[in-house]
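Trainee: coords below, sequence missing:
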């Protein structure tokens, strides 16, 4: 079974620039998550989709972060403009709706803002 | 808001010894408790989980215990091996009001197993 795919794996940008991350979940998984993992910390949920609808974006800094999942499959997370404190690993994850508690993670997109 | 506290943040053991990591959660509606292992530069991977109707679950050298009354759960690794060295995350999960599932992660425990 193919896992959660993410790209790019690594990105270095200057502050105030923009960046976009892409995610393709496990086939058939209705729920998609974007987590932010700062070095030395646990994953923090940014946004959760059920199919193409948002079910939780309470911790998404909406002034600079946006995410979409237009066709209920792939998703894109965008940061504009980036700040130094956005340096982190952005983990995409997915789960089956019927067993939605088990979350499968991608390898992550490592962002460094300089 | 809801949170999950995890202790210790760092744990160093000798190969062959046991390791115990403890977590407490605040949301009494939590009913699913997964544990993830994250090796350096890799994705977090589920290693064991337990649901609220069970007090203990074991899988080879790994076991998890749950005390719902006290709202804490623990990961036990016996006969540790160098390849157990990683960061371990606990999490507490419940059904969300809008149909999804809300999962809160602990801050992680960095386990070093010395050969």
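Mentor: Right, received. Where do you want to start? On a predicted model such as this, the values are computed, not experimentally measured, just so you know.
Trainee: For the worst-scoring helix or strand of chain A on mean pLDDT, buried residues please.
Mentor: For chain A, using mean pLDDT, DSSP states H and E, the weakest element among its helices and strands is strand A:53-56, scoring a mean of 89. For strand A:53-56, the neighbour count (16 or more other C-beta atoms under 10 Å in any protein chain shown) marks A:55-56 as buried. C-beta here means a position set from N, CA and C on the backbone, and glycine is covered the same way.
Trainee: cool, stretch A:83-94 as well?
Mentor: A:86-94.
Trainee: Likewise for stretch B:77-87?
Mentor: Here stretch B:77-87 shows B:77, B:80, B:84-87 as buried, counting by 16+ other C-beta under 10 Å.
Trainee: Which residues does stretch B:82-92 contact?
Mentor: Where contact means C-beta atoms under 8 Å, 6 or more residues apart in numbering or on different chains, the residues beyond stretch B:82-92 that reach it are A:42-43, B:2, B:4, B:6, B:15, B:19, B:21, B:23, B:25, B:27, B:30, B:32-40, B:44, B:47, B:73, B:75, B:77, B:103-106, B:108-115.
Trainee: still on that earlier bit, now, the buried residues of stretch B:77-87 that are in helices?
Mentor: Within these, no residue falls in helices by DSSP state H.
Trainee: Would you format the residues you listed as a markdown table with pLDDT included?
Mentor: Shown next, in a markdown table, are these (pLDDT from 0 to 100):
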| residue | pLDDT |
| --- | --- |
| B:77 | 98 |
| B:80 | 98 |
| B:84 | 97 |
| B:85 | 97 |
| B:86 | 97 |
| B:87 | 96 |
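Trainee: so how many other residues sit close to residue 22?
Mentor: You didn't pick a chain, so chain A it is. Residue A:22 has 14 neighbours, counted by other C-beta atoms under 10 Å in any protein chain shown.
Trainee: not quite, I wanted chain B
Mentor: Neighbour tally, residue B:22, other C-beta under 10 Å: 17.
Trainee: Find the nearest non-adjacent residue to it, please.
Mentor: residue B:74 (4.8 Å; C-beta to C-beta, 6 or more residues apart in numbering or on different chains).
Trainee: Much appreciated, bye for now.
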